[in-house]
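Chemist: Provided below for reference: sequence and predicted model.
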Amino acid sequence: MKKILITGGAGFIGSHVVRLFLAKYPNYEIVNLDKLTYAGNLENLKDVENNPNYRFVKGDIVDEGFVNELFNSNQFDGVVHLAAESHVDRSISNPTEFIKTNVMGTINLLNAARSSWGDDFDNKVFYHISTDEVYGSLGKEGFFVEETPYDPRSPYSSSKASSDHLVRAYFHTYGMPVKISNCSNNYGSHQFPEKLIPLMINNIQHNKPLPVYGEGLNIRDWLWVEDHARAIDVIYHSGELGETYNIGGNNEWTNIDLVKLLCKTMDNKLGRNEGESEKLITYVTDRAGHDMRYAIDASKIKRELGWEPSITFEEGLDNTVGWYLKNSDWLNNVTSGDYQNYYKKQYQD
Ligand code: NAD
Ligand code: TDX
């Protein structure tokens, strides 16, 4: 058996990675370390909680003593590090929390892994999951490649860039067996409804205004979360140590076109008249420092590791909308309590 630590496994992407690794590798013991912040939810892993190869540990990666103790009492063969504060708008209102979790949490994990592995890095992997936002904002032309200079512009992307730099520094300085990937915007089941797609699905369903920032012309490159999990699997097992891989959907949408497509899909599924949900679109004050366009050139991972997205956006979005409509209990649970306060503050609702 190999023992793999997945951090942030109770979150959106992490839960898909935990599920994929458990299904695909019966010889792995998966330890999911998660603090269960507002974004972490054990309901996301209900279907695997009794799997004998799965263990959940509640804990904070910012707590150095706790992280060291976890690595002292477990000999991990690998780490897949996803735990993070992940929402740009929250980083604008509370940047310090992002530095604590994303920067201090990452260095705590690097130090604990290094000290537990000693100088014996054979067959060990420390895989850090990052974002395309570290590269900054594109104009109308061009794509982010692995060599694009870092130019983070929000507290969130700055904290992710810092953690990427630390991970690379541990490769060059100590020979740590690291890998990094930078992915574009994910969508799919189990995403917390502070992010664009599930927020819009929830609001359309409840006939609430659809808050589009600025003119809605900012562009994002959307990837189905299960395709991101497949890419993480391929990089963890076959990627080169010390290398970075960009992951993207080759699927650019302006926010306004995407929201209109969601409205159309929801009108169909809810039996509403065509155009009904679009009436809910409301332009609101733009996000501070709003990056204009992200677009990933994912040719390296395709060329070297044979990965590419498995489904079209239309299929993925249809599947995603279907999941949220079918799992209204999940959505209702996560939008009760604290979410109401967050929503009021963020949208002056
Ligand atoms: P998420 O917010 O849904 O989940 C984050 C998880 O980390 C939660 O379960 C939370 O409880 C946990 N966590 C937060 N702080 C912690 C701490 N101090 N100690 C332990 N656990 C903690 O995020 P996500 O969208 O699933 O993103 C996962 C990773 O992927 C992040 O590193 C993010 O930067 C990166 N990423 C996300 C996207 C995207 O579109 N969502 C795209 C590219 C990269
Ligand atoms: O209410 C909204 N209205 C709106 O117009 C929200 C929540 C967002 N937006 C816009 C802002 C962005 O241009 O939609 C776009 C997508 O916004 P988010 O879902 O907040 O994602 P983004 O800021 O692009 O960052 C995401 O992708 C990269 C994830 O949240 C990050 O964790 C990831 O690293």
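Modeler: All right, it came through fine. Residues are numbered from 1 along each chain as shown. Ligands and ions are numbered 1, 2, ... in the order given.
Chemist: tell me the contacts of residue 86?
Modeler: Listed by CB atoms under 8 Å, 6 or more residues apart in numbering, the contact set of residue 86 reads 11-12, 39, 156. Just so you know, the C-beta spots here come from the backbone N, C-alpha and C atoms, and that holds for glycine as well.
Chemist: So what pairs up with the closest residue in space to residue 220 that isn't next to it in sequence in the strands?
Modeler: The shortest distance from residue 220 to any residue other than its chain neighbours is 4.5 Å, reached at residue 185 (CB to CB, 6 or more residues apart in numbering). With DSSP bridges as the criterion, the beta-bridge partners of residue 185 are residue 222.
Chemist: Isn't residue 185 up against residue 225?
Modeler: No - at 10.0 Å, residue 185 and residue 225 do not qualify as touching, with contact defined as CB atoms under 8 Å.
Chemist: Mind jotting down where the strands sit in the stretch 51-200 of the chain?
Modeler: Remark: strands of the stretch 51-200 of the chain, listed N- to C-terminal, are 54-58, 78-81, 125-131, 178-183, 185-187; assignment by DSSP state E, counting those that start in this stretch.
Chemist: Just give me the closest of the contacts of residue 86 to ligand 1.
Modeler: Ligand 1 lies nearest to residue 11 out of those, by CB to the nearest ligand atom, at 2.1 Å.
Chemist: one step back: what sits against the residue nearest to residue 220?
Modeler: 132, 196, 220-223, 294.
Chemist: re the thing from before, can I get the strands of the stretch 51-200 of the chain in a markdown table including distance to ligand 1 and mean pLDDT?
Modeler: Converted to a markdown table, the strands of the stretch 51-200 of the chain look like this (distance: least, CB to the nearest ligand atom, whole Å; pLDDT from 0 to 100):
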| stretch | distance to ligand 1 | mean pLDDT |
| --- | --- | --- |
| strand 54-58 | 9 | 98 |
| strand 78-81 | 7 | 98 |
| strand 125-131 | 4 | 98 |
| strand 178-183 | 4 | 98 |
| strand 185-187 | 4 | 98 |
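Chemist: Ligand 2 versus residue 85, what's the distance?
Modeler: Noted for residue 85: a distance of 9 Å to ligand 2, by CB to the nearest ligand atom, to the nearest Å.
Chemist: circling back to that earlier point, helices - which of the contacts of residue 86 land there?
Modeler: Judged by DSSP state H, these include 12, 156 as members of helices.
Chemist: Which pair in the contacts of residue 185 has the greatest spatial separation?
Modeler: Put simply, by CB to CB the two of the contacts of residue 185 set farthest apart are 132 and 196, 15.1 Å from each other.
Chemist: more neighbours, those two?
Modeler: When neighbours are counted by other CB atoms under 10 Å, residue 132 comes out ahead of the other of residue 132 and residue 196, with 27 against 21.
Chemist: where does the chain have low pLDDT?
Modeler: Judged by pLDDT under 70, the chain has no weakly predicted residues.
Chemist: want to throw the strands of the stretch 51-200 of the chain into TSV with distance to residue 302?
Modeler: Supplementary listing: the strands of the stretch 51-200 of the chain in TSV, determined by distance: least, CB to CB, whole Å:
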stretch	distance to residue 302
strand 54-58	31
strand 78-81	21
strand 125-131	19
strand 178-183	13
strand 185-187	18
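Chemist: close enough to count as contact, residue 182 and residue 136?
Modeler: No - with contact defined as CB under 8 Å, residue 182 does not reach residue 136; the gap is 12.0 Å.
Chemist: name the element residue 260 belongs to?
Modeler: Applying DSSP states H and E as the criterion places residue 260 in helix 255-270.
Chemist: now that helix, how far from the centre of its chain.
Modeler: Relative to the chain's own centre, helix 255-270 is displaced by 23 Å; criterion: CA atoms, centre = their mean, to the nearest Å.
Chemist: distance of residue 260 from residue 211?
Modeler: When CB to CB, to the nearest Å is the yardstick, residue 260 and residue 211 sit 14 Å from each other.
Chemist: List the residues that contact the closest residue to residue 2 other than its chain neighbours.
Modeler: Ranked by CB to CB, 6+ apart and with sequence neighbours excluded, the top spatial neighbour of residue 2 is residue 77, at 4.4 Å. The contact partners of residue 77, by CB under 8 Å, 6+ apart, come to 2-4, 123-125.
Chemist: Looking at neighbours, which among these is most surrounded?
Modeler: Neighbour max across these (other CB under 10 Å) = residue 4, 23 neighbours.
Chemist: Residue 148 and residue 223, how far apart?
Modeler: As judged by CB to CB, residue 148 and residue 223 stand 18 Å apart.
Chemist: more neighbours, the two?
Modeler: For residue 148 and residue 223, the more surrounded residue by other CB under 10 Å is residue 223, and the numbers stand at 26 against 18.
Chemist: give me the number of residues near the nearest residue to residue 186 once chain neighbours are set aside?
Modeler: Nearest non-adjacent residue to residue 186, counting by CB to CB, 6+ apart: residue 225, 4.5 Å away. Around residue 225 there are 21 other residues, counting by other CB under 10 Å.
Chemist: Up against ligand 2, what does this protein have?
Modeler: If contact is defined as CB under 6 Å from any ligand atom, the residues of the chain in contact with ligand 2 are 86-88, 131, 133, 185, 195-196, 199, 211-213, 218, 220, 255, 287.
Chemist: which one is the one residue in the chain that gets nearest to ligand 2 nearest to, not counting chain neighbours?
Modeler: Going by CB to the nearest ligand atom, ligand 2 is nearest to residue 131 of the chain, at 3.1 Å. In space, not counting the residues next to it along the chain, residue 131 is nearest to residue 160; the distance is 5.3 Å by CB to CB, 6+ apart.
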